[in-house]
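S.K.: what follows is a predicted structure for the sequence shown.
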Amino acid sequence: MIEEEQTHRNFLRRDRENRCFMTFPNTTEAMKMEAACHGAALLGRLVPVPGEITAGCGLAWMAERSWREEMEKLAVLNGVTYEAVYEN
């Protein structure tokens, strides 16, 4: 599992065209999403919001673009309030 997660993190660093970002109104919601994703084994990470996006708290959950639907479903299931999801 650790090797798979490291491979995924390296992919997110390299592939700037295949990412999506979920933004949040506050830090608490961002941290709730992080916990929900880790609990569901949805790989990604909290990052500063990219300069092209304006968001409330300045943090975004970044994951592969193909996981957008799963991210949105997970947020709803866990009661996470988010502002928007952007694809890069």
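M.R.: Arrived safely, thanks for sending.
S.K.: contacts, neighbours, all on C-alpha from now
M.R.: Will do.
S.K.: ok, the most centrally placed residue in the chain to Thr27 distance?
M.R.: Closest to where the C-alpha atoms of the chain average out (Cα atoms, centre = their mean) is Trp61, at 2.3 Å. Distance, Trp61 to Thr27, by Cα to Cα, to the nearest Å: 11 Å.
S.K.: cool, Ala75 as well?
M.R.: Separation of Ala75 from Thr27 (Cα to Cα): 14 Å.
S.K.: so for those two, which residue has more residues nearby?
M.R.: Ala75 (20 against 15; other Cα atoms under 10 Å).
S.K.: compute the number of surrounding residues for the closest residue in space to the more buried one that isn't next to it in sequence.
M.R.: With sequence-adjacent residues excluded and distances taken as Cα to Cα, 6 or more residues apart in numbering, Ala75 is closest to Met33, at 6.5 Å. A total of 27 residues lie near Met33 under the criterion other Cα under 10 Å.
S.K.: roughly how far apart are Met33 and Glu72?
M.R.: As judged by Cα to Cα, Met33 and Glu72 stand 10 Å apart.
S.K.: likewise for Leu42?
M.R.: Applying Cα to Cα to Leu42 and Glu72 gives a distance of 12 Å.
S.K.: before we move on, the earlier item: element containing the residue nearest to the centre of the chain, please.
M.R.: strand 59-64 (DSSP states H and E).
S.K.: in its sheet, what does that strand sit against?
M.R.: Strand 59-64 has these partner strands in its sheet, going by DSSP bridges: strand 19-23 (antiparallel), strand 45-48 (antiparallel).
S.K.: A strand includes Met33, no?
M.R.: No: assessed with DSSP: H, G, I helix; E, B strand; the rest coil, Met33 is helix; it does not lie in a strand.
S.K.: identify the residues contacting it.
M.R.: When contacts are counted by Cα atoms under 8 Å, 6 or more residues apart in numbering, Met33 touches 61, 75, 78, 80.
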